[in-house]
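[1] With the input below, show me the fold.
(one chain, ligands or ions: 2)
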Amino acid sequence: MAATRDSSGRASPATGSEETELRALSIDTIRGLSMDAVQAANSGHPGTAMALAPLAYVLFERFLRVNPADTEWPDRDRFVLSAGHACVLQYSLLHLCGYDLALEDLRQFRQWDSRCPGHPERGHTPGIEITTGPLGQGVANAVGMAMAERFLSDRFNRPGREIVDHRVYAICSDGDMMEGVSQEAASIAGHFGLGKLILCYDDNHITIDGTTSLSFDGESHTDRFAADGWHVQRVEDSEDVDALEVAISAAREEHERPSFIAIRSHIAFPAPNAKDTAKAHGAALGEDVR
Ligand SMILES: Cc1ncc(C[n+]2csc(CCOP(=O)(O)OP(=O)(O)O)c2C)c(N)n1
Ligand SMILES: [Mg+2]
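    Ligands and ions are numbered 1, 2, ... in the order given. Next comes the predicted model:
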């Protein structure tokens, strides 16, 4: 995405401001597709998809090593959306990155026989690595994938022939943190020092029924993961693409421990009336988003 074309059609490096503009356009496009797909279905979860558009952009554009034309390439990076309710975000990314998922498929979001069902389903939509929706489970699946990578690389790699060398990136939400299974999985990931696992936590202070202060503000997730032996970082603004990139780069540099990145976001950003509301968790924004 970071290149422009001159009059002869040759790609030339983008200037700083061109790159910033392109980046903003890309993120807005992800956000717009996600909002529109939910609106068209009048069903789904727009708020988290909107708020996490910059994170998804950074992950897919800057870091994820995949081949959209060969979704089963064994050494691909894995991406797990544990917060599966926000799958319209993943569908938007898959479409824009060139997977076999057309705009028409996005238009069919949440319809009968759709290739874009209400939660991601492995084997149904190209590029979906794992079925998610039951909160917590995607975190455990991501840990399992990182364990598999460790096993396969130990078993098959030889000096100068590292045929298994990939990372697992996952996004989770408050509900994932609430479920015990995520903590059990975090414990063993810390024990094994799964350095190729990077878990991004959407710290938006909102769940399905209101703010986290109703039921879930008594513990520090960063301290909990640190206690389990994880490398822990915080990003204070989910709109700060540079900070996201720096944090993910640092997580990649950490080889001995799995990484947890808590990212403060605002659900449904930037829709003024929906932002920071639980309503934006699971309802279309409506025709008038002012
Ligand atoms: C195990 C489990 N229990 C309940 C649900 C129903 N559910 C879907 S999303 C959600 C919580 C939403 O809060 P959060 O995870 O913070 O997501 P956000 O609203 O921030 O996107 C719940 C309880 C579920 N998907 N899985
Ligand atoms: Mg939340």
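
[2] As a check, name the ranges of all helices in the stretch 51-200 of the chain.
    53-58, 87-96, 103-107, 137-156, 174-178, 180-192 (DSSP state H, counting those that start in this stretch).

[3] buried sites along the fifth one?
    Of the residues in helix 174-178, those scored as buried under the neighbour-count criterion (16 or more other C-beta atoms under 10 Å) are 174-177. Placement of C-beta: from N, CA and C, glycine included.

[4] For that helix, give the mean pLDDT please.
    Averaging pLDDT along helix 174-178 gives 97.

[5] And the first one, by the same measure?
    This predicted structure assigns helix 53-58 an average pLDDT of 98.

[6] Could you pick out the residues of the stretch 151-290 of the chain near ligand 2 for me?
    Within the stretch 151-290 of the chain, the residues that sit near ligand 2 (C-beta under 5 Å from the ion) are 173-174, 204, 206.

[7] Tell me the one among those residues nearest to residue 66.
    Comparing these against residue 66 with C-beta to C-beta picks out residue 173 as the nearest, at 22.8 Å.

[8] next one: phi and psi at the nearest residue to the closest one once chain neighbours are set aside?
    Ranked by C-beta to C-beta, 6 or more residues apart in numbering and with sequence neighbours excluded, the top spatial neighbour of residue 173 is residue 83, at 3.8 Å. The phi/psi pair for residue 83 (degrees, to the nearest 10) reads phi -80, psi 70.

[9] Tell me the spacing between residue 83 and ligand 2.
    8 Å (C-beta to the ion, to the nearest Å).

[10] can you start the count at 650 instead of 1 from here on
    Happy to do that; since the first residue is 650 now, the last one works out to residue 732.

[11] Tell me how many other residues surround that residue.
    Look at residue 732: counted by other C-beta atoms under 10 Å, it has 29 neighbours.

[12] Would you agree it is in contact with residue 850?
    No. Contact criterion C-beta atoms under 8 Å: residue 732 and residue 850 do not qualify, at 9.5 Å.

[13] residues shared between the contacts of these two?
    Residues touching both residue 732 and residue 850 (C-beta atoms under 8 Å, 6 or more residues apart in numbering): 820-822, 825.

[14] Out of those, which comes closest to ligand 1?
    residue 822 (3.3 Å; C-beta to the nearest ligand atom).

[15] so what's the closest one up against?
    With C-beta under 8 Å, 6+ apart, residue 822 has these contacts: 697, 731-732, 735, 784, 850-851, 853.

[16] Not including adjacent chain positions, what is the nearest residue to residue 875?
    Using C-beta to C-beta, 6+ apart, the closest residue to residue 875 is residue 881 (4.7 Å).

[17] quick one, what contacts the one you found?
    871, 874-875, 908-911.

[18] Tell me where the stretch 750-899 of the chain has strands.
    All strands of the stretch 750-899 of the chain, identified by DSSP state E, counting those that start in this stretch, fall at 817-821, 846-852, 855-856, 859-860, 880-884.

[19] And the ones you listed: which comes nearest ligand 1?
    When the strands of the stretch 750-899 of the chain are compared by C-beta to the nearest ligand atom, strand 855-856 sits nearest ligand 1, at 3.4 Å.

[20] Could you spell out the sheet neighbours of that closest one, each with its direction?
    strand 859-860 (antiparallel) (DSSP bridges).

[21] and the residue in the stretch 750-899 of the chain positioned nearest to ligand 2, how far is that from ligand 1?
    Residue nearest to ligand 2 within the stretch 750-899 of the chain: residue 823 (3.6 Å; C-beta to the ion). The spacing between residue 823 and ligand 1, counted by C-beta to the nearest ligand atom, to the nearest Å, is 3 Å.
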